[in-house]
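Colleague: missing the sequence, but the structure's below:
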């Protein structure tokens, strides 16, 4: 009874349960679940897009290989059509039409030798044939099956040549085994440059397309080539002359997109049961389509893992939220019971607890916002530089762009690490130091305040600040902007290794006409050796890297101060930063 009584009093009816548990639980879980669903959806999409993008990238290379092979076949057809012996042989055939006269024997022998050498030297050339202008066979070497199955006079390869085009025709299925071949043809002309006939090379499709579908070492993909009817011309996982829509309903749907000339991708199931992600890319040069296939498990595996993690996170969040709500309600119940028993003493105790919590929270938020204002500003500006660099990238040198982004990312990382050192100095700055509102201030004094704030990092870097002002110069900006800009420059001073010894950090503030000028420089001081014959100054060591990133400093000056900056670095690791700003009227 003692255990049941608190539970009954905790939720005495449905309305209390709805208001005290279910409604708060839903208020937590609905937004959390929405975030988890969005995150998991984005992750699943990213996994799919990454695999699809990698497949398309590999298909671009293979499309180029196919294009080169096609052009090579066309060049061969053109060359065999313009062979001197061929021209004589075809001309003799045209002259002998209806007379029964044959071409001279020496010409036939020369053409036969030429054709045999061509087939022997290029493995995917199966045969060579020549037709006269009427489509009659003048010469053939190994072309009987094609010429018998596709009558030459009415064929596409002969019609194409008659129109004066060098092109590929096919594929054609010939022979008892119905092997696939394509035909590269070219028109041949007589001595008067008139159409005389057709020259053709028969190419074995599987050998011709072997470089296109060849798997590279470590490749996740298998490849194939589909013709305009949906038949496999060559492939790793599907046999030649397989009709792709016959594999499954999903394959038929994907084939419809492929044959529509669209860049398409999707899952399909092969006849042997394997599920794959297929990515198609039009071959452009022919009515063929290249496609890459990846086992679906390589995509769905990480996807299922992501979904499982998302579901687990949602369950953990739900259990945690329910436990917190129940614990909170139980605590409130006990507090209420204690308040009823102790009356005003319990109420006063609750008021003190709530007051202390609010005071601690307000103090923590105010202190954190004040102390982290400047370092977070530097980090945000650095990330803005990364974003601007990515958005302005015009497709030029990717290595250079990545290098700039990498350098900016290093500066961002360094700025966040320096935040801990900067926080200790903020306690000495007035409340106005964190204000972003622009005011008219004396630039020299503001620079001096910024250097004082950053005295810790300068001291750690063994850099000795020296500030010089010739006349008071007034500008309109904020103390926070001055502090961020000087902090980024001090970061460059702190980047020099301590082995380089002491350094001189100089700031010179002046005004010229309507401009305010600030020159900040860092120079390693030469060391002093004490040899036996007297004192001498050692030369400054060379520093192989760069201590300051010009892009970050320029962005800070432009975005925060509204001015311009010129940054020069020296071989010893030192630098000079010249800042120009508009002077304010006082």
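Modeller: Perfect, thanks for sending it. In this text the structure is predicted, and so the values were computed from the model without any measurement.
Colleague: residue contacts, residue 155?
Modeller: 135, 169 (CB atoms under 8 Å, 6 or more residues apart in numbering). In this view, the C-beta of every residue, glycine as well, is placed from N, C-alpha and C.
Colleague: so how far is residue 552 from the nearest residue to residue 559 once chain neighbours are set aside?
Modeller: With sequence-adjacent residues excluded and distances taken as CB to CB, 6 or more residues apart in numbering, residue 559 is closest to residue 381, at 5.9 Å. According to CB to CB, to the nearest Å, residue 381 stands 8 Å off from residue 552.
Colleague: which of the two has more neighbours?
Modeller: residue 552 (26 against 22; other CB atoms under 10 Å).
Colleague: check which helix or strand covers the more buried one.
Modeller: Using DSSP states H and E, residue 552 falls within helix 550-556.
Colleague: tell me which helix or strand comes right after that helix.
Modeller: Defined by DSSP H and E, the subsequent element after helix 550-556 is strand 564-569.
Colleague: C-terminal to that following strand, what's the next element?
Modeller: Going down the chain from strand 564-569, the next helix or strand is strand 575-582, by DSSP H and E.
Colleague: that following strand packs against which elements?
Modeller: Using 3 or more CB pairs under 8 Å, 6 or more residues apart in numbering; DSSP states H and E, the elements in contact with strand 575-582 are strand 474-477, helix 479-495, strand 515-524, strand 564-569.
Colleague: without its sequence neighbours, what residue ends up closest to residue 73?
Modeller: Excluding its sequence neighbours, the residue lying closest to residue 73 (CB to CB, 6+ apart) is residue 184, at 4.1 Å.
Colleague: residue 494 now?
Modeller: Nearest non-adjacent residue to residue 494 (CB to CB, 6+ apart): residue 461, at 4.0 Å.
Colleague: quick one: end-to-end length of stretch 92-110, please.
Modeller: 15 Å (CA to CA, to the nearest Å).
Colleague: what mean pLDDT does that stretch get?
Modeller: Across stretch 92-110, pLDDT averages out at 64.
Colleague: gap between residue 579 and residue 564?
Modeller: 7 Å.
Colleague: more crowded one of these two?
Modeller: residue 579 (25 against 13).
Colleague: what's the pLDDT at the nearest residue to the more buried one once chain neighbours are set aside?
Modeller: Counting by CB to CB, 6+ apart, residue 579 lies nearest to residue 518, which is 4.3 Å off, once chain neighbours are set aside. pLDDT for residue 518: 92.
Colleague: dig out what residue 518 forms beta bridges with.
Modeller: residue 509, residue 579 (DSSP bridges).
Colleague: mind checking the SS state of residue 277?
Modeller: Secondary structure assignment for residue 277 (DSSP: H, G, I helix; E, B strand; the rest coil): strand.
Colleague: is it bridged to anything, and to what?
Modeller: Beta bridges link residue 277 to residue 267, residue 294 when assigned by DSSP bridges.
Colleague: pretty sure it sits against residue 264.
Modeller: No. The pair residue 277 / residue 264 is not scored as a contact, 11.5 Å apart, by CB atoms under 8 Å.
Colleague: and the residue nearest to residue 579, what does it touch?
Modeller: 443, 447, 507-509, 577-579, 581.
Colleague: if you set the cut-off to 10 Å instead, what comes out?
Modeller: 443-444, 446-447, 473, 475, 482, 485-486, 489, 507-510, 557, 561, 563, 565, 577-581 (CB atoms under 10 Å, 6 or more residues apart in numbering).
Colleague: buried among the residues you listed? Make that a PyMOL selection.
Modeller: Per 16 or more other CB atoms under 10 Å, the buried members of the contacts of residue 518 correspond to this PyMOL selection:
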select buried, resi 443+444+446+447+473+475+482+485+486+489+507+508+509+510+557+561+563+565+577+578+579+581
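Colleague: which residues do residue 579 and residue 564 both contact?
Modeller: Common neighbours of residue 579 and residue 564 (CB under 10 Å, 6+ apart) are 554, 557.
Colleague: what are the buried residues along stretch 243-256?
Modeller: 244-245, 247-248, 250-251, 254-255.
Colleague: span of it from start to end?
Modeller: First-to-last residue span, stretch 243-256, CA to CA: 13 Å.
Colleague: which outside residues touch that stretch?
Modeller: Taking CB under 10 Å, 6+ apart as the rule, stretch 243-256 contacts 224, 226-227, 229-232, 235, 238, 258-259, 262, 264-276, 278-280, 289, 291.
Colleague: distance from the chain centre to the helix or strand hosting residue 291, please.
Modeller: Taking DSSP H and E as the definition, one finds residue 291 inside strand 289-295. How far strand 289-295 lies from its chain's middle: 21 Å, per CA atoms, centre = their mean, to the nearest Å.
Colleague: same deal with stretch 332-339?
Modeller: Using CA atoms, centre = their mean, the offset of stretch 332-339 from its chain centre is 57 Å.
Colleague: next one: stretch 571-586
Modeller: That offset, for stretch 571-586, works out to 36 Å (CA atoms, centre = their mean).
Colleague: so which of the helices and strands packed on strand 575-582 is the most surrounded?
Modeller: Comparing the helices and strands packed on strand 575-582 by mean neighbour count (mean count of other CB atoms under 10 Å), helix 479-495 comes out on top with a mean of 25.
Colleague: so for it, mean pLDDT?
Modeller: For helix 479-495, the per-residue pLDDT averages 80.
Colleague: now it and strand 564-569, what's the angle there?
Modeller: 10 degrees (axes from the mean of the first three to the mean of the last three CA atoms, to 10 degrees).
Colleague: could you give the angle of helix 479-495 to strand 515-524?
Modeller: 20 degrees.
Colleague: now the angle from helix 479-495 to strand 575-582?
Modeller: Helix 479-495 runs at 170 degrees relative to strand 575-582, counting by the same axes, to 10 degrees.
Colleague: if we can go back for a sec, okay, the buried residues of stretch 243-256 in CSV with distance to residue 170, secondary structure and pLDDT next?
Modeller: Formatted as CSV, the buried residues of stretch 243-256 follow (distance: CB to CB, whole Å; DSSP: H, G, I helix; E, B strand; the rest coil; pLDDT from 0 to 100):
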residue, distance to residue 170, secondary structure, pLDDT
244, 18, helix, 80
245, 21, helix, 81
247, 23, coil, 80
248, 27, coil, 79
250, 29, helix, 79
251, 24, helix, 79
254, 24, helix, 79
255, 20, helix, 79
